[in-house]
Structures are given as structure tokens and as C-alpha cells.
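Q: return atomic coordinates for the entry below.
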Amino acid sequence: MQVTFLGTSSGVPTRARNVSAIGLRLPQRSELWLFDCGEGTQHQFLRSDLRLSQLRRIFISHMHGDHIFGLPGLLASLGLAGNSTGVDLYGPELLENYLCGVMRSSSSRIGYPMQFHTVKEAAEHNQIIIDDDDLLVRCTSLIHRVPSYAYRIDQKPRPGRFKLEKAQSLHIPPGPIYAALKRGEKVSLEDGRVFDGKDFCGPDRPGSSVVICTDTFFSEAAVNLAQGADLLIHEATYAHGDAELAYQRKHSTSTMAAQTAAEASVGQLVLTHLSPRYAPGNRLTPKDLLAEAQSIFPNTLLAKDFLKLEIKPREEDS
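A: Predicted coordinates for the structure are as follows:
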């Protein structure tokens, strides 16, 4: 899986950072998922190598404007392009009313099917919201001024690597037979020999996992959701010295994000949703927030707009 940050500022955009949006490219399929959609996200698409036509699912963390104000325009543009087969939207209970109200008031016609999925019950009862051949998606409730949700995406284990040299040494003809063996099937050759695909594949390879967590004060539920994930993307609106502000506004500091990563034993942490008060040139800058987090969780990166990350299982890197 590949993550692209389309917006990494909190509250309002800055010259260098747009408001919240994250794109997730999925392996082995021409499909894109979007997490939050702040104002101007469709412009960020135009500046990236992501294709809006591949958008299939949108996940909204909560109903604050810096996470949803770009959604009506993006969906309307997708409809005008005329190449969408449909979009599923996941998020708080008010999401459908908000979008339908905007579309109705602006006389906008989408022209493709939209399905809305409320995640409140799934978050409260630890239910899976998506389970397909490749992926599992779960969510949990966070601690914010309005209902807010974190999402976890797990890629299911993949078949082990095909033992090509073994197949060649047994003079098994390539082509469809190799494909069947890769799928673990039994095949019969014309000469009467029978082979079991399980004998030609190594152990299953672990899938990758990512957790996207914004907006929230420090949350044990987020720690539980992120356990063992390869990548945790966590908001870090405030520096450690502004913890009182974080408490008042129910956001996280850099050290809270790092504490979440450490307690969850994740592979890597990426800080996002940074307050404009830390823009370069001010007393504290994003580099200071990064240093604070790294003092607790060394494998921490600082997100910036258009940063791309390949999510790989830690077992593959060892």
C-alpha cells in the first residue's frame, strides 16, 4: 500500500500545507481510498500523481470543516468527469445529511451511485466495516469535541513466493499451469503427473497495515487499534509545551502521538495535522515537534504535503 499526504495542516491552510486529506493507493488494483477531504483537496489531486477517477471509497474522521469542506466540490467534479462507477462514504452520522443538503441546495447532480455507511456502531462494538479478498478495515472512537474516528487498514496475508526453479527442474510447462500452482491448486499434467501448488509456494507473506488517527486527545482506544501496525499516522497539532491547549481543544501534542506509537509498538510514526502556529520562522517549528516525538519514539517522520510512503510489513524489511 502507498500513502500520499494531500494536506497536513490543522484548522486552516498555510502556504506550504493544505488542510487534512490522505490518499491510499491499494496493491494490485486500480483503486484509491481517501481519508478526510479538507477544502482544496481536489486542487491537491491536480498537483499530485493520484487519479481522481480511481477514487472508490472515502473515510471521514469527523465533521469539522478542515476535514470535510472539500468533499462537495470533489464529488461534484468527479460527477462532471463522468468516469466514476460509484463511491462509498464512511463516517459520522451527520455525513449523509451534510452532503445531501449541500448537493440539494446547490442543485448539483452527481450522476453516479453514492452509498453512505455510518461507522458509530462498528467503532463502539469493534466490528469490521470492510472485509474483502485483500483488506480488512476497522475503526474506533476517539476523544474530540465532536464524534471522531480513527481507521485501521490491514492487508491480508499474501501467498508465498513461487518456487520457479523447482517447477523448471521438474519440467513443468509454464503458462496457465504455473498460475494454478501459484494459487495453491492441484494440477494434472498430460504425462499423468500430479502436483500440489502448496509444494511450490513459500510461507504466506504478511500484509501491511496502516492506522490513520486524527483528531483526538491521547486515547487508549487509539493505542489498542494501532497495536503492531506497520505505520501510524497521528495528529500532532501542538508542541509538548502547549499541552494545556491540547487538553482544552481535545487535540494531541507531539509527545502524545509518540506515546501512542510506543505503547502500540508500531513500526513507524508520521506526524500530521500541525498547527500553523509552528510555521517556519516562529519560535517553535515543525522540526521542534519532530524532535520532541523522536525523543520518545525514534522512528518518527514529519509529514508534508505530497509526501509518499510505501507501507511494507516489518518482516519484509528484516
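Q: so which residues of the stretch 151-300 of the chain form helices?
A: In the stretch 151-300 of the chain, the helices defined using DSSP state H, counting those that start in this stretch lie at 164-169, 176-182, 220-225, 243-249, 254-264, 286-294.
Q: right, and these - which one's nearest residue 138?
A: The closest of the helices of the stretch 151-300 of the chain to residue 138 is helix 220-225. By CB to CB, the value is 6.8 Å. Yep, even glycine has a C-beta here, placed from its N, CA and C like the rest.
Q: from the contact counts, what lies against that closest one?
A: Applying 3 or more CB pairs under 8 Å, 6 or more residues apart in numbering; DSSP states H and E, one finds that helix 220-225 contacts strand 135-141, strand 149-155, strand 209-213, helix 254-264.
Q: hmm, back to that, which one of the helices of the stretch 151-300 of the chain is the most hemmed in?
A: Across the helices of the stretch 151-300 of the chain, the average number of neighbours (mean count of other CB atoms under 10 Å) peaks for helix 254-264, which reaches a mean of 24.
Q: just the angle between that one and helix 286-294, please?
A: On the basis of axes from the mean of the first three to the mean of the last three CA atoms, to 10 degrees, helix 254-264 is oriented at 30 degrees to helix 286-294.
Q: for helix 254-264, C-alpha coordinates in CSV please.
A: The C-alpha trace of helix 254-264 is given here as CSV (Å, rounded to 0.1, in the frame of the first residue of the first chain):
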residue,chain,number,x,y,z
SER,A,254,3.8,15.6,19.5
THR,A,255,4.6,13.6,22.7
MET,A,256,1.1,12.2,22.9
ALA,A,257,1.4,10.9,19.3
ALA,A,258,4.8,9.4,20.2
GLN,A,259,3.4,7.8,23.3
THR,A,260,0.6,6.2,21.3
ALA,A,261,3.2,4.8,18.8
ALA,A,262,5.4,3.5,21.6
GLU,A,263,2.6,1.8,23.6
ALA,A,264,1.2,0.3,20.4
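Q: and the angle for it with strand 209-213?
A: Relative orientation of helix 254-264 versus strand 209-213 (the same axes, to 10 degrees): 150 degrees.
Q: and helix 254-264, what does it pack onto?
A: With contacts taken as 3+ CB pairs under 8 Å, 6+ apart, helix 254-264 sits against helix 220-225, strand 231-235, strand 268-272, helix 286-294.
Q: nearest to residue 38, of the ones you listed?
A: strand 268-272 (11.6 Å).
Q: residues contacting residue 245?
A: 238, 251 (CB atoms under 8 Å, 6 or more residues apart in numbering).
Q: which stretch among the helices of the stretch 151-300 of the chain comes nearest residue 32?
A: With CB to CB as the criterion, residue 32 lies closest to helix 220-225 of the helices of the stretch 151-300 of the chain, at 22.6 Å.
Q: tell me the mean pLDDT for the closest one?
A: The predicted model assigns helix 220-225 a mean pLDDT of 97.
Q: again, but for stretch 188-197
A: 90.
Q: try stretch 96-108
A: Averaging pLDDT along stretch 96-108 gives 94.
Q: contacts only, for the closest residue to residue 157 other than its chain neighbours.
A: Using CB to CB, 6 or more residues apart in numbering and skipping the chain neighbours, the partner closest in space to residue 157 is residue 204 (4.2 Å). Neighbouring residues of residue 204 by CB under 8 Å, 6+ apart: 157-160.
Q: quick one: residue 234 and residue 18, what's the gap?
A: Noted for residue 234: a distance of 18 Å to residue 18, by CB to CB, to the nearest Å.
Q: and those two? Which one has more around it.
A: residue 234 (30 against 24; other CB atoms under 10 Å).
Q: list the contacts of the residue lying closest to the more buried one once chain neighbours are set aside.
A: Spatial nearest neighbour of residue 234, excluding adjacent residues (CB to CB, 6+ apart): residue 257 at 4.0 Å. By CB under 8 Å, 6+ apart, the contact set of residue 257 is 234-236, 269, 271, 293.
Q: which among these gets closest to residue 107?
A: Among those, and counting by CB to CB, the member closest to residue 107 is residue 235, at 35.6 Å.
Q: who's the closest one bridged to?
A: residue 272 (DSSP bridges).
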